[in-house]
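Dropping a prediction and its sequence here:
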Amino acid sequence: MRYSLLLYILLAMFIEIHGQSAIFLHHSTGQGVFVDGKVASWINQYNSKNGTNYTVTARAYPGTPYPWENYPYDYWNLWLNGQCSTVDANTQCLGNILQSYDMVIFKHCFPGAGIGPDQGTPAVNSPVKTIGNYKLQYRALRNLMDQYPAKKFIVWTLAPLHRLGTTTEEATRAREFVNWVKSTWLSEDGKTHPNIYIFDFYNLVAESNTNPVNGKVNCLKYEYEISHSNGDSHPNLLANQTVGPVFAEFIVNTFKGQSTGINEYDNRDEIIISLDPGQHQLSIDISQTGENKMSVRIFNINGQMVYNNPFSEESTMLINTSGFPNGAYIIWIIAGRHSFVQKFVITRR
């Protein structure tokens with residue numbers, strides 16, 4: 001027993017000293033967050049400050065000769081239905097990927113949120129986008145990831161569609177599936193699945209207000225639209241720069257084995273932030289959430305943390321921003337189950 005414990009401790013020390021690596025499998029939406037959000041830069045700066053050696057590599061996956069599709073069916077088809085390759089990086093099997101990386105992060109591009117109604121009996125081998133089919137495919141993928149207990153996985157929730165690129169019914173089904181992934185997928189079988197983590201991208205960029213001033217509920221937020229006049233569902237630069245540091249820190253926390261789950265993002269009606277007219281003080285009020293404790297972090301647009309208060313026992317907070325240079329910043333507030341991520345700009349004359 002003592003020998004086993006010592007071996008475990010030495011292994012943990014070895015991993016920490018020599019670092020851990022992740023691969024991020026994505027298409028265009030993920031590329032935007034990774035590049036515009038400066039994810040790799042954020043992690044490099046964390047390494048420099050903390051003496052760690054965490055790395056993340058981005059790969060467009062799957063690619064030619066496989067169709068440019070990365071929906072639940074496609075990961076099932078590649079990794080469980082024998083359509084992957086042991087050598088081609090564009091269609092590589094999960095087991096082969098894991099020979100080179102400690103963690104795999106994968107997501108679906110925004111057309112995955114175009115979920116139609118269930119018709120007939122769901123089938124795991126069906127490429128039709130329905131909640132029933134998605135659930136079967138996710139269960140199969142969950143069982144596959146369980147076979148690699150020494151590895152870690154991060155799964156993104158869906159990327160929401162532009163309000164002009166979807167219907168009310170499709171958007172509602174997308175949120176329903178996201179809620180199932182967050183609340184049921186990893187607990188319905190009575191097992192813990194401790195190596196699977198969920199990054200809730202959907203609730204970072206999807207509109208949750210049922211009657212927003214602009215935009216549409218369950219769709220890409222109005223302020224995150226590339227265009228307000230066409231249905232391009234790619235999140236814009238503001239969205240990518242807002243999510244990037246949050247995603248980067250999530251990756252680091254997952255490497256460290258810390259709990260990273262947050263149930264609700266961006267309760268705009270409940271968490272209030274405002275700058276004073278002179279832009280020398282930022283006020284935060286979480287009283288409408290019913291919480292009286294919060295943690296607050298602020299990052300500059302390069303992903304560097306410029307303010308960190310990990311624990312405050314007050315429902316209001318004043319932050320002195322007089323030392324902040326002019327520029328854009330991202331604030332991340334966590335209050336119990338509530339979380340708020342927003343960009344603000346300081347432009348003093």
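Sure thing, it's come through.

Name the residue closest to the centre of this protein, please.
Per Cα atoms, centre = their mean, the C-alpha nearest to the average position across the chain is that of residue 199, at 3.4 Å.

tell me the SS of residue 345?
strand (DSSP: H, G, I helix; E, B strand; the rest coil).

check contacts around it.
Going by Cβ atoms under 8 Å, 6 or more residues apart in numbering, residue 345 touches 327-329. (C-beta placed from N, C-alpha, C; glycine too.)

which stretches of the stretch 1-150 of the chain form strands?
If DSSP state E, counting those that start in this stretch is used as the criterion, the strands of the stretch 1-150 of the chain fall at 20-26, 54-60, 103-106.

and those strands as a markdown table, adding mean neighbour count and mean pLDDT?
Below are the strands of the stretch 1-150 of the chain laid out as a markdown table (neighbours: other Cβ atoms under 10 Å; pLDDT from 0 to 100):
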| stretch | mean neighbour count | mean pLDDT |
| --- | --- | --- |
| strand 20-26 | 21 | 97 |
| strand 54-60 | 18 | 97 |
| strand 103-106 | 22 | 98 |
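
For those strands, give me JSON lines that also has distance to residue 68.
Converted to JSON lines, those look like this (distance: least, Cβ to Cβ, whole Å):
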{"stretch": "strand 20-26", "distance to residue 68": "12"}
{"stretch": "strand 54-60", "distance to residue 68": "9"}
{"stretch": "strand 103-106", "distance to residue 68": "15"}
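
Of those, which is nearest residue 319?
strand 54-60 (28.3 Å; Cβ to Cβ).

Now the lengthiest helix in the chain: average pLDDT?
Secondary structure of the chain per DSSP state H: the longest helix is helix 237-255. Mean per-residue pLDDT for helix 237-255: 93.

just stretch 332-343 next, same as before
Taken as a whole, stretch 332-343 has a mean pLDDT of 76.

Give the buried residues for it.
332-335, 338-341 (16 or more other Cβ atoms under 10 Å).

doesn't residue 37 make contact with residue 244?
Yes - with contact defined as Cβ atoms under 8 Å, residue 244 and residue 37 form a contacting pair (1.6 Å).

Using the record's assignment, carve the chain into domains.
Taking automatic domain parsing as the reference, the chain has its domains at 2-261, 272-346.

give the contact list for the residue nearest to residue 290 when sequence neighbours are not counted.
Residue nearest to residue 290 in three dimensions, not counting chain neighbours: residue 336, with 7.7 Å by Cβ to Cβ, 6 or more residues apart in numbering. Neighbouring residues of residue 336 by Cβ under 8 Å, 6+ apart: 289-291, 293.

List buried residues within these.
The buried subset of the contacts of residue 336 (16+ other Cβ under 10 Å) comprises 289, 291.

Pick the most deeply packed of the domains of the chain.
Of all these, domain 2-261 has the most neighbours on average by mean count of other Cβ atoms under 10 Å, namely a mean of 18.

How far off centre is that domain?
A distance of 7 Å separates the C-alpha centroid of domain 2-261 from that of its chain, computed with Cα atoms, centre = their mean, to the nearest Å.
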